[in-house]
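[1] Structure of the sequence below:
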Amino acid sequence: MAEGAVVGYFGYGSLVNADTHRTRIVASVPARLKGWRRHWIPHHEADMRSAVLLSVKRDEAHVCDGLLVLDRLENLPQVDEREIGYLRRQVQRQELELEAELPFDCPLYVYEALPPATKRDAEGHILQSYLDAVLQGFLRVHGEEGMRRFVSDTHGFDTPVLADRDAPLYPRPVRLSEAERELIDSVLAQLPVCFIRNAGATIAQG
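    Predicted coordinates for the structure are as follows:
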């Protein structure tokens, strides 16, 4: 690739799952981002009411598992559109722990969600179809231990989960194998997660 034609962005949610990617990326590297922690945060764009999504916030004592995606610079506007409601923040190479050598010297970013505008907005639910995509991605990239670490390290798992697996509202749903489904369900069964059924829910991004 020509110099300057590649960018990297750290995925810590559904971007960890290659099946949700909609651009033709250059490469990806399992990674950890130092000084950030993942948490659930309500997203209240006009067409995404009550959708709770993943974000990261500064936490110098924490390290966040994920995937460094290397993409073409020309695709960055599409990724920005996908991450509507998020701010793209630049990170430094020394903030990343990589499982393989970085093949390009390029700008590196992470997407941080905008906070709720009001206290009323600070409510909502997690889409199960979104959570399935995230957990499948972590299972494939970081193994069962990494998936379980995702659950234990992410703040806000007491948020209700909308059971939309059979009729996904997430725009990039994935197909789970029977083994993946059983493992994900067994992990979630160990959490104080309340599943709800409400056909009025809207679409999550991330």
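[2] From the chain's centroid, how far away is the lengthiest helix in the chain?
    The longest helix of the chain (DSSP state H) is helix 128-153. Distance of helix 128-153 from the chain centroid (Cα atoms, centre = their mean, to the nearest Å) equals 10 Å.
[3] contacting residues around residue 60?
    Residue 60 makes contacts with residue 35, as judged by Cβ atoms under 8 Å, 6 or more residues apart in numbering. Every residue, glycine included, has its C-beta placed from N, CA and C.
[4] what pairs with the helix or strand of the chain with the lowest mean pLDDT, and is each one parallel or antiparallel?
    Ranking every helix and strand in the chain by mean pLDDT, DSSP states H and E puts strand 195-196 at the bottom, with a mean of 89. Paired neighbours of strand 195-196 in the sheet (DSSP bridges): strand 161-162 (parallel).
[5] Which residues outside the partner strand are in contact with it?
    With contacts defined as Cβ under 8 Å, 6+ apart, strand 161-162 is touched by 125-128, 131, 169, 188, 193-198, 201.
[6] what residue ranges in this structure score low on pLDDT?
    Applying pLDDT under 70 to the chain picks out residues 1-4, 44-50, 116-123, 198-206.
[7] biggest strand in it by residues?
    Using DSSP state E, we find that the single longest strand of the chain is strand 51-72.
[8] residues contacting residue 33?
    Residue 33 sits next to 10, 12, 56, 63, 64, 66, 91, 95, 96, 97, 110 when contact means Cβ under 8 Å, 6+ apart.
[9] quick revisit: can you list contacts of the least confident helix or strand of the chain?
    125, 128, 160, 161, 162, 163.
[10] can you give me the strands for the chain?
    With DSSP E as the criterion, the chain has strands at 6-11, 27-43, 51-72, 86-91, 96-98, 108-113, 126-127, 161-162, 195-196.
[11] Export only the CA atoms of the third one, formatted as CSV.
    Think strand 51-72. Extracted C-alpha coordinates of strand 51-72, given in CSV (Å, rounded to 0.1, in the frame of the first residue of the first chain):
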residue,chain,number,x,y,z
ALA,A,51,-30.2,1.1,22.3
VAL,A,52,-27.4,0.5,24.7
LEU,A,53,-24.0,0.2,22.9
LEU,A,54,-20.4,-0.4,23.8
SER,A,55,-18.0,2.4,24.4
VAL,A,56,-14.7,3.0,26.0
LYS,A,57,-13.5,5.5,28.6
ARG,A,58,-10.2,6.4,30.0
ASP,A,59,-9.0,4.2,32.9
GLU,A,60,-5.3,4.2,33.3
ALA,A,61,-5.3,1.1,35.4
HIS,A,62,-7.1,-1.0,32.8
VAL,A,63,-6.3,-2.8,29.5
CYS,A,64,-9.0,-3.5,26.9
ASP,A,65,-9.0,-6.5,24.7
GLY,A,66,-9.9,-6.1,21.0
LEU,A,67,-8.8,-6.1,17.4
LEU,A,68,-6.7,-3.6,15.5
VAL,A,69,-8.3,-3.3,12.1
LEU,A,70,-6.1,-2.0,9.3
ASP,A,71,-8.2,-0.4,6.6
ARG,A,72,-7.8,1.7,3.5
